[in-house]
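A.B. asks: Give the three-dimensional model of this entry:
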Amino acid sequence: MSNIDSIASEIRDLTSKMIEVGLCVESNFPRRATYPSEDGAVDEISIAGLEKATVALRNRPYAETYEVLREKRAFNMRLIDGALVQLRYRFRKGELLKHVLSFYPSPDLLEYQNDPEVYETDILFAEVVMKDTVTTPVRFDFDLAAFEDYVHPASHFTVGQYRNCRIPVIGALTPHRFLNFVLRAFYNTPYHELCSEWKSSALDFPSTATERERSELHWSFV
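C.D. replies: The predicted structure is shown next:
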């Protein structure tokens, strides 16, 4: 199975599993599209309208960004607390060119406000709606074209909407690596009860972190 096929298959599999355990309440399964380019055809795994919606919302308040993405259904998964998960990959000739893996927590926990008893009576989900929770979007990016050693790592992590927050990551992430991080970090109890045995079906991508990036604080999973 090719890289692009294995990534698409893993996204579909994870989406189905999230629905089965009740963590995902609305979904858009990935689609594959091919676009011409000067250097050869580019294959993209995404969902309809995702890139246009994301670009149009740059430099806007987070609450506004979230609400537009939610209304336009520009997400792969909408989770039980309203959080949105986006996964987009771009390949050329089987080589990964770019990925954008985003987690947008609900800024006002709309799902909880609409039906609080569903969460308050279920210990698995109580922690995601605690009143002192501060919602912060996170994103893992991979972009070979934008690489500049120590300035713009090929693979990096961004927290919040800080424009120049680029924490180096050892390499690109598979869908399982990303979703596993989201579940462990933000849904720890349901993760251990429902999802901890899930295994990745896609192979890890090669390391791209440079020696200088590795010499400083960075994210690694190898």
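A.B. asks: Just name the shakiest helix or strand of the protein by mean pLDDT.
C.D. replies: Within the chain, no helix or strand scores below helix 110-114, which has a mean of 54 by mean pLDDT, DSSP states H and E.
A.B. asks: neighbours around Ile19, how many?
C.D. replies: Residues near Ile19, counting by other CB atoms under 10 Å, number 14. (Glycine included, C-beta is placed from N, CA and C.)
A.B. asks: Please read the previous query as pertaining to Arg163.
C.D. replies: Residues near Arg163, counting by other CB under 10 Å, number 9.
A.B. asks: again with the one 5 residues further on
C.D. replies: By the measure other CB under 10 Å, the count of residues near Pro168 is 23.
A.B. asks: Could you list the low-confidence segments of the protein?
C.D. replies: Scanning the chain for pLDDT under 70 picks out 1-2, 49, 51-58, 109-134, 222.
A.B. asks: so where do the helices sit in it?
C.D. replies: With helices called from DSSP state H, the chain shows them at 3-20, 50-56, 62-71, 110-114, 116-120, 175-186, 188-190, 211-214.
A.B. asks: Buried residues, the longest one. List them.
C.D. replies: To tie it back to what came earlier, the one meant is helix 3-20. Asn3, Ile4, Ser6, Ile7, Ala8, Glu10, Ile11, Arg12, Asp13, Leu14, Thr15, Met18 (16 or more other CB atoms under 10 Å).
A.B. asks: Ok, stretch 32-43 next?
C.D. replies: Residues of stretch 32-43 classed as buried: Val42, Asp43 (neighbour count, 16+ other CB under 10 Å).
A.B. asks: which residues are contacting that stretch?
C.D. replies: Ile4, Ala8, Glu44, Ile45, Ser46, Arg90, Phe91, Arg92, Lys93, Leu97 (CB atoms under 8 Å, 6 or more residues apart in numbering).
A.B. asks: Sort out for me which of these are in strands.
C.D. replies: Glu44, Ile45, Ser46, Arg90, Phe91, Arg92, Leu97 (DSSP state E).
A.B. asks: quick one: the second one from Ser215, how far?
C.D. replies: As for Ile45, its distance to Ser215 is 33 Å (criterion: CB to CB, to the nearest Å).
A.B. asks: between these two, who's got more neighbours?
C.D. replies: Set Ile45 next to Ser215 and count neighbours by other CB under 10 Å: Ile45 wins out with 22 against 11.
A.B. asks: Go ahead and confirm that one touches Pro30.
C.D. replies: Yes. Applying CB atoms under 8 Å as the test, Ile45 and Pro30 come out as touching, 5.1 Å apart.
A.B. asks: hey, what's in contact with both of these two?
C.D. replies: In the contact map built from CB under 8 Å, 6+ apart, the residues linked to both Ile45 and Pro30 are Ala8, Ile11, Leu87.
A.B. asks: my guess is the first one meets Ile45, correct?
C.D. replies: Yes. At 5.0 Å, Ala8 and Ile45 qualify as touching, with contact defined as CB under 8 Å.
A.B. asks: which one of the helices of the chain lies closest to Met77?
C.D. replies: Among the helices of the chain, the nearest to Met77 by CB to CB is helix 3-20 (5.8 Å).
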